[in-house]
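>>> no FASTA, just this:
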């Protein structure tokens, strides 16, 4: 009888624990923006190991950026170091509300 009572509250607890763990794994493995991982960030955005070195700007060396699913002009700006205004100036024919995966944006003239 005692075994049945324990199962009644342990089963939901186990489901919540498994769900929380799965969510954490999926969230940490996401290659998209805002994942907390610094692997895909430019050097200027990576955290230094606690040193008080001044931040530096990253010089853009790429000429184009290929749009990925979920990209916005703001996220592209953060990834490349090119301001949103500059991206719009360089790409006047691009509808920023309808960016398509595979689309190429100019990063410099």
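Nice, I can see it. As the structure is a computational prediction, the values presented were derived from the model and not from experiment.
>>> every contact and neighbour count from this point should use C-alpha atoms.
OK.
>>> what segments of this structure are helices?
Assigned by DSSP state H, the helices in the chain fall at 2-28, 73-80, 84-90.
>>> deepest in the core, which of the ones you listed is it.
helix 73-80 (a mean of 17; mean count of other Cα atoms under 10 Å).
>>> now it: mean pLDDT?
Regarding helix 73-80, the rounded mean pLDDT is 93.
>>> about what we covered before: with distance to residue 102 as new columns, can the helices of the chain be given to me in a markdown table?
As requested, the helices of the chain are arranged in a markdown table below (distance: least, Cα to Cα, whole Å):
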| stretch | distance to residue 102 |
| --- | --- |
| helix 2-28 | 24 |
| helix 73-80 | 13 |
| helix 84-90 | 16 |
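>>> mean pLDDT lowest for which of those?
Ranked by mean pLDDT, those bottom out at helix 2-28, which scores a mean of 75.
>>> distance of residue 102 relative to residue 91?
To residue 91, residue 102 is 15 Å away according to Cα to Cα, to the nearest Å.
>>> among the two, which residue is more densely surrounded?
Legend: neighbour count by other Cα atoms under 10 Å for residue 102 and residue 91, higher for residue 91 (17 against 11).
>>> tell me how far that one lies from residue 72.
Distance from residue 91 to residue 72, by Cα to Cα: 14 Å.
>>> domain map for the chain?
Following automatic domain parsing, one finds the domains of the chain at 1-31, 59-109.
>>> to residue 96, which of the helices of the chain lies closest?
If you check each of those against residue 96 by Cα to Cα, helix 73-80 wins as the nearest, at 6.7 Å.
>>> so which elements touch the closest one?
In terms of contacts (3 or more Cα pairs under 8 Å, 6 or more residues apart in numbering; DSSP states H and E), helix 73-80 is packed against helix 84-90.
>>> what helices or strands is the helix it packs on leaning on?
helix 73-80, strand 104-106.
>>> CSV please, covering the ones you listed and showing distance to residue 86.
What follows is the helices and strands packed on helix 84-90, written out as CSV (distance: least, Cα to Cα, whole Å):
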stretch, distance to residue 86
helix 73-80, 9
strand 104-106, 10
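>>> which one of the ones you listed lies nearest to residue 67?
Residue 67 lies closest, by Cα to Cα, to one member of the helices and strands packed on helix 84-90: strand 104-106, at 6.2 Å.
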